[in-house]
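J.: need the 3D shape of this:
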Amino acid sequence: MKFGVCSAIENISKAESMGFDYLETNASKLAGLSEEEFQKQIETVKSAGIPCECFNVLFPKSMAVIGLHANWEKIEEYLELVFSRMERLGGKIAVFGSGKCRSCPEEISFAGGSRQLAEAVRRTGKIAAKHGITIVIEPLNQGETNLICSVPEGAMLMAEANMENVQLLADSFHMFQENEPLSNLSRVRCLTHTHVALRGSRAYPTEITEDLKDFFGQLAAIHYTGRMSIEGKTENFDTDAPKALAVLRRLDAKLE
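T.: As a prediction, the model looks like this:
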């Protein structure tokens, strides 16, 4: 597998020195940069020896993509800017998580919200495709959203979108929080990206746990060899990030 870490672009050289294969960074923050500020980000990435090829937090929390307040004229304008900037940075993957943005509001039915979310994914995927970006649907825990809270539900949304550049992500933390059977990974099989963090605390995986062994075991069973990003919490990035990377590489090596 290729291992990355979710962090600011300013940390890409640090991530490289720690041994990470790539950086994953916040997509929504790209839109707020001036062109001059963004050019500096491009130079920072170019000067590093690893790519910034994945992006999380696709939408800012204030931007609803379903419901009566979803403004698709503004959403499409935002996505054109964000995806064009991802492309200029060498981006490949954009994570469609953004739980608050995609939650079904009370003013519409759950069925209506589900239909709107499928349409939102298709519209987002269409714009992403113009820039060579693949969208990965991220199932989240019910504390963060009320739509798409398991890997099979994510797979069904992916199937409904039926687009080559709309794929699926599995996040260990959300699966642990939902007590979702890890066997769902073997059941669904079609993963394009993964996130990892510990149960409960969402901490960096700085030690091998039974949860992590099981997560990696299921990924090995489907011969997953793609990317895995650490998306979690730490009070000391400089210490915890290299420790977590070492843990992930040990787990990966044991399953080869």
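J.: alpha carbons only for contacts and neighbour counts from here, please
T.: Will do.
J.: ok, residues contacting stretch 175-185?
T.: Contact with stretch 175-185 is made by 140-142, 149-152, 170, 199-200, 211, 214-215, 218-219, 222, as judged by Cα atoms under 8 Å, 6 or more residues apart in numbering.
J.: doesn't T25 lie inside a strand?
T.: Yes. Counting by DSSP: H, G, I helix; E, B strand; the rest coil, one finds T25 located in a strand.
J.: tell me where this structure has helices.
T.: With DSSP state H as the criterion, the chain has helices at 12-18, 35-46, 72-89, 99-102, 110-130, 151-161, 172-177, 183-188, 210-221, 237-254.
J.: so which of the ones you listed comes closest to F55?
T.: Nearest of the helices of the chain to F55, taken as Cα to Cα: helix 72-89 at 7.9 Å.
J.: can you give me the angle the closest one makes with helix 35-46?
T.: Angle, helix 72-89 to helix 35-46, by axes from the mean of the first three to the mean of the last three Cα atoms, to 10 degrees: 40 degrees.
J.: hey, C-alpha coordinates of helix 72-89 in PDB?
T.: Taking C-alpha atoms only, helix 72-89 is exported to PDB below (Å, rounded to 0.1, in the frame of the first residue of the first chain):
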ATOM      1  CA  TRP A  72     -26.200  24.600  -7.100                       C
ATOM      2  CA  GLU A  73     -25.200  27.700  -9.000                       C
ATOM      3  CA  LYS A  74     -22.800  28.600  -6.200                       C
ATOM      4  CA  ILE A  75     -21.900  25.000  -5.500                       C
ATOM      5  CA  GLU A  76     -20.800  24.500  -9.100                       C
ATOM      6  CA  GLU A  77     -18.900  27.700  -9.200                       C
ATOM      7  CA  TYR A  78     -17.100  26.600  -6.000                       C
ATOM      8  CA  LEU A  79     -16.400  23.100  -7.400                       C
ATOM      9  CA  GLU A  80     -14.900  24.400 -10.600                       C
ATOM     10  CA  LEU A  81     -12.500  26.500  -8.600                       C
ATOM     11  CA  VAL A  82     -11.600  23.800  -6.200                       C
ATOM     12  CA  PHE A  83     -11.200  21.000  -8.700                       C
ATOM     13  CA  SER A  84      -9.100  23.200 -11.100                       C
ATOM     14  CA  ARG A  85      -6.800  24.000  -8.100                       C
ATOM     15  CA  MET A  86      -6.600  20.300  -7.200                       C
ATOM     16  CA  GLU A  87      -5.600  19.600 -10.800                       C
ATOM     17  CA  ARG A  88      -2.900  22.200 -10.700                       C
ATOM     18  CA  LEU A  89      -1.500  20.700  -7.600                       C
END
